[in-house]
Every structure is written in structure tokens, then in C-alpha cells.
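Student: predicted coordinates and the sequence they were generated for:
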Amino acid sequence: MDKLLQAFLTTAAPSGYEDALQAKFTEAITEFVDCVETDVLGNVIATKKGKDSTPKIMLSAHCDEIGFLVSNIDDNGFLYVQEIGGIDTDLLPGRKVDIHTEKGTIPGIIGKKAIHLTRGEEKKKFEVSDIWIDIAANSKEEAEKAVQIGDFITYAKDAVFYDNGLVASPSTDNRIGVWVLVETAKLLADKALNCSVYFVSSCQEELGARGAKTAADAIRPNFGIAIDVTHATDYPTADTKLTGNIKLGKGPVITMGPNINTTVCRQLKAAAQGLSVQYEAIARPTGTDANVIQLSSCGVKTGLVSIPCRYMHTPYEMVSIQDAQQAAHLLGQFISHNFTL
Ligand SMILES: [Zn+2]
């Protein structure tokens with residue numbers, strides 16, 4: 001089991017509340033770079049410096065996850081929430097969650113009427129407005145001693161490591177990408193490069209890549225590559241007709257399409273020699289940091305390297321650690337092939 005990946009996967013950091021994860025990222029990457037900074041939104045930017053006028057390459061992986069915010073506490077001490085990001089609401093009833101309060105983390109249970117008592121209309125799909133969280137409080141006063149409006153909530157933290165290198169966790173999207181940043185920095189640490197590499201652990205991607213926007217505006221990179229998860233299509237019911245075959249364990253995915261600069265794409269393909277990679281076409285702006293990076297400043301040459309992921313935005317998103325390791329090698333080779341002194 002990889003200790004750093006486990007630490008990343010079991011740290012709570014929904015969009016807007018990324019501090020704890022960013023502290024772990026900073027601790028992990030500092031020894032491989034020249035400096036580490038945090039900006040106003042909470043992005044962490046770790047820089048391996050080149051000479052003054054060398055090109056700038058931004059590698060961006062978002063560190064935030066989906067979650068909830070406590071928006072109301074009723075007279076009986078039940079909590080009501082608003083969602084942070086794209087929650088799969090059908091999966092909520094019966095789920096254990098962690099409520100992150102000023103005094104520490106407390107467990108909560110998302111309640112549901114017993115199946116014996118559920119009739120007709122009540123068997124509908126769930127919305128976030130249908131759920132309540134039970135913290136075993138007897139009254140509003142008792143609940144308010146532990147929880148305040150605005151406290152954030154995540155799925156109960158867990159990371160399931162399989163012997164064959166697959167891992168499943170509620171925040172695999174995109175802690176696996178942040179882990180790739182650290183692995184890439186490690187691979188490049190001793191290389192003399194004629195470029196500066198900015199390793200960005202970006203925030204608030206799940207709300208529209210808000211962190212990558214301010215980071216790209218500040219860095220003004222010549223090249224930007226986002227590292228994120230993409231949908232694997234290798235499980236029952238997955239439709240491959242339009243998306244193609246994307247499998248866990250067959251390597252990272254290089255994306256092509258209008259969001260991707262053709263030169264960067266070609267250079268990534270060239271750098272992939274000797275590695276197992278997969279390809280994906282996306283004919284619209286991707287739902288990743290690559291979208292805002294491409295449109296920052298006067299436009300940035302952008303690429304996207306993805307880790308195949310089953311069950312995205314469910315409480316157990318599954319990826320292959322080998323795919324992530326290959327992604328780090330791909331990024332390392334892309335940079336060392338094109339920008340070695
Ligand atoms: Zn993501």
C-alpha cells in the first residue's frame with residue numbers, strides 16, 4: 001500500500017475546504033522543488049525553476065472532492081445539507097458521513113424510512129432535499145453543541161487497496177492526480193531542465209475549475225497539462241459506442257479534441273513511447289482544469305492526461321495505481337524530451 005496515496009485518499013477536502021489536503025501535498029512535494037507557495041483561493045503551486053526566460057509548464061491536478069455543507073439544523077437535531085459539486089443523490093440513503101466541525105470530526109448517518117414502511121410514491125429517486133443526517137442528538141440545542149451551520153461534510157473516509165494495484169475510495173477523483181504530481185516531481189528532481197515546471201494542486205475544480213483559473217492567471221504558462229480522472233468503460237452496463245474502450249490497468253489516457261493543443265498532443269504521444277497509453281476523443285470543452293487553463297491569459301497550449309476511473313462521483317471510485325505511475329512517467333518523459341538542457 002502506498003502511504004502517501006492513502007494519506008491523500010483519507011484526508012477530507014471538499015471544494016473550498018482544501019487546507020488539510022494542501023498541507024499534506026506541500027509536505028510531500030517540497031523536497032523535489034525549489035519553492036512552494038499558496039495563493040488566495042488555496043491553490044498550492046510548487047515550482048521547479050528553470051533559467052529566467054525559459055518556458056513555463058503548468059501541471060494541474062485538482063485536490064478538491066465533492067461533499068456537503070450543513071445548511072439547517074431542525075428542532076429535533078437533524079441536519080439538512082446543500083451539496084458541493086455533482087453528488088449521485090440516489091446513493092445517499094443509509095450512508096455514513098463525516099461532519100467536520102470546529103472541535104473535530106463526528107459521524108453522521110443519512111437516514112431513510114424503513115423499506116417495510118415505504119409506499120408507492122416514496123420509492124422515487126432521491127434528491128439532496130429529501131435527506132437528513134442523524135448525529136444521534138435529541139434536540140436542536142444538543143446538535144448545536146457539536147455542529148454549526150456551514151460545517152462541511154464528506155463521505156466517511158476509506159481507501160480500499162487491492163493486491164493487484166487497484167484502489168477504491170470516495171475521493172479518488174482527483175487525489176490520484178495529486179499523487180501523480182508528486183511522483184512526476186520526484187522523477188524530474190535531479191534533471192537539469194530548460195523550462196520551469198509549476199506543479200499545481202488546484203482547488204474548487206468540482207465547482208467549475210475555479211482554482212486552476214486563478215493559478216493559470218498568476219503563472220501565465222506557455223504550456224498547461226491537466227491531470228484528472230476520466231470514465232473507464234470496462235464494467236457491466238458501460239457504453240463504449242461513442243467513448244471507445246478505456247480500461248483500468250491499460251495505462252493513462254491522452255485526450256484529443258478542441259480543448260487540446262495539437263502540438264502538445266503530438267508531443268505527449270511521442271513521449272509515450274515504451275509506455276502503455278490509451279486515447280480518448282472529447283469534442284467539447286473538457287470538464288477539467290484543462291478548460292480554464294486553455295482560456296487563461298491570451299490562450300495557453302493545453303493537454304490533458306487522465307487516469308481511467310470506474311464509478312466516478314460515487315462513494316467508491318476505482319482506479320489502477322499502475323496507470324497513475326505510468327502517467328507520471330508520461331509527464332516526466334514529455335518534459336525531459338522537450339525541455340532538457
Ligand atoms: Zn476530477
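Tutor: Yes, it's here.
Student: just the helices in the stretch 151-300 of the chain please.
Tutor: 172-188, 210-219, 262-271, 289-294 (DSSP state H, counting those that start in this stretch).
Student: compare the ones you listed and give me the one nearest the ion.
Tutor: helix 172-188 (4.0 Å; C-beta to the ion). C-beta coordinates here come from the backbone N, C-alpha and C atoms, glycine included.
Student: and the closest one, C-alpha only, in CSV?
Tutor: Provided in CSV are the C-alpha atoms of helix 172-188 (Å, rounded to 0.1, in the frame of the first residue of the first chain):
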residue,chain,number,x,y,z
THR,A,172,-10.0,9.0,-5.8
ASP,A,173,-11.2,11.9,-8.1
ASN,A,174,-8.7,13.5,-8.0
ARG,A,175,-6.3,12.6,-5.2
ILE,A,176,-4.8,10.1,-7.7
GLY,A,177,-4.0,13.1,-9.9
VAL,A,178,-2.4,15.0,-7.0
TRP,A,179,-0.3,11.9,-6.2
VAL,A,180,0.8,11.9,-9.9
LEU,A,181,2.1,15.5,-9.4
VAL,A,182,4.3,14.3,-6.5
GLU,A,183,5.5,11.3,-8.5
THR,A,184,6.3,13.4,-11.5
ALA,A,185,8.2,16.0,-9.4
LYS,A,186,10.2,13.0,-7.9
LEU,A,187,11.1,11.8,-11.4
LEU,A,188,12.3,15.3,-12.5
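Student: list the buried residues of it.
Tutor: By neighbour count on 16 or more other C-beta atoms under 10 Å, the buried set for helix 172-188 is 172-185, 187-188.
Student: for stretch 72-87, same thing?
Tutor: Neighbour-count burial for stretch 72-87 [16+ other C-beta under 10 Å]: 73, 77-81, 83-85, 87.
Student: what sits against the residue nearest in space to the middle of the chain?
Tutor: By C-alpha atoms, centre = their mean, the chain has its centre lying nearest to residue 174, at 2.0 Å. Applying C-beta atoms under 8 Å, 6 or more residues apart in numbering to residue 174 gives the contacts 61-65, 205, 227-229.
Student: now swap in residue 329 and tell me
Tutor: Residues in contact with residue 329 (C-beta under 8 Å, 6+ apart) are 187, 275.
Student: same thing but at 6 Å, please
Tutor: residue 275 (C-beta atoms under 6 Å, 6 or more residues apart in numbering).
Student: what strand or helix carries it?
Tutor: Per DSSP states H and E: residue 329 is located in helix 321-339.
Student: may I have the phi/psi pair for the closest residue to residue 122 other than its chain neighbours?
Tutor: The shortest distance from residue 122 to any non-neighbouring residue, by C-beta to C-beta, 6 or more residues apart in numbering, is to residue 113 (6.7 Å). Torsion angles at residue 113 (phi, psi; degrees, to the nearest 10) stand at phi -60, psi 140.
Student: for residue 113, give me the pLDDT.
Tutor: Listed pLDDT for residue 113 reads 85.
Student: and if you look at residue 1?
Tutor: At residue 1, the model reports a pLDDT of 83.
Student: that one against residue 161, yeah?
Tutor: Yes: using C-beta atoms under 6 Å, residue 1 is in contact with residue 161, at 4.6 Å.
Student: related to what we said a few turns ago, now the helix holding residue 329 and helix 172-188, what's the angle there?
Tutor: Using axes from the mean of the first three to the mean of the last three C-alpha atoms, to 10 degrees, one finds that helix 321-339 and helix 172-188 are set 50 degrees apart in direction.
Student: angle of helix 321-339 against helix 262-271?
Tutor: Angle of helix 321-339 versus helix 262-271, following the same axes, to 10 degrees, is 110 degrees.
Student: what about residue 138, how many neighbours?
Tutor: 9 (other C-beta atoms under 10 Å).
Student: give me the distance between it and residue 314.
Tutor: 33 Å (C-beta to C-beta, to the nearest Å).
Student: in the sheet, who's paired with the residue nearest to residue 144 when sequence neighbours are not counted?
Tutor: Sequence neighbours aside, residue 73 is the residue nearest to residue 144 in space, at 6.1 Å (criterion: C-beta to C-beta, 6+ apart). Counting by DSSP bridges, residue 73 is bridged to residue 79.
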